[in-house]
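Participant: Sequence and predicted model, in that order:
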Amino acid sequence: MKAAKLTLFITSLVVLILFYVININTVSPITVSGNGNPFLLVVAPLLPLFILMVLLWGRILRVHSISQRFSIVGIILTFVHLMIAFIYQRISLANYRDIIKDAYLEKYGKVDSQYIQDITTVLSIHVNNQYFNVNTFFMFISFSIFIAFIFYLWGIHENKIENSNVQE
């Protein structure tokens, strides 16, 4: 059990470092960058680390025999956190687009709104700090907990069905 908790802590720390590295490698608002986003390579390990975190959270939940009621509350709370964090992130991105527009207006005297939209969509190097920050790090952690709770609750439900079938 201690190994699972330690592994989860180390995994979370590695994820935090990856988020930080990507975050600090955001170009300034007036920089023109045509080389794509080389830091997307740093994103690649996040999927296996996410899967590992879900498995570790699931193991911790199983070892502590969390009740069905606690699992449902956990699912609701993590879902609420994810929705609030997502809304916050959308507002933050809109504000960041305004910052970029202001920087372009100050430097060039005009703004190409389509260009601003293009460089702040998907995973452009201009928005690394919008998709990889403290808020999104905690969203990453919450989502792993959310998925672990769902699998755990599903497992509880499956066990009840199996036990009722055995008793018949």
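Facilitator: Received the coordinates, thanks.

Participant: low-confidence ranges in the chain?
Facilitator: Counting by pLDDT under 70, the chain shows low-confidence ranges at 32-35, 157, 159-168.

Participant: Now name the helix or strand holding the residue most central in space within it.
Facilitator: Closest residue to the average C-alpha location of the chain: F140 at 2.7 Å, with C-alpha atoms, centre = their mean. Per DSSP states H and E: F140 is located in helix 134-167.

Participant: Which elements pack onto that helix?
Facilitator: For helix 134-167, the elements it packs on are helix 2-24, helix 46-63, helix 68-108, judged by 3 or more C-beta pairs under 8 Å, 6 or more residues apart in numbering; DSSP states H and E. Glycine gets a C-beta too; all of them are placed from N, C-alpha and C.

Participant: Could you list which residues are in contact with the residue nearest to the centre of the chain?
Facilitator: Contact analysis of F140 by C-beta atoms under 8 Å, 6 or more residues apart in numbering lists 15, 19, 46, 50.

Participant: and which of these is nearest R59?
Facilitator: Ranked by distance to R59 (C-beta to C-beta), the contacts of F140 are led by F50 at 15.1 Å.
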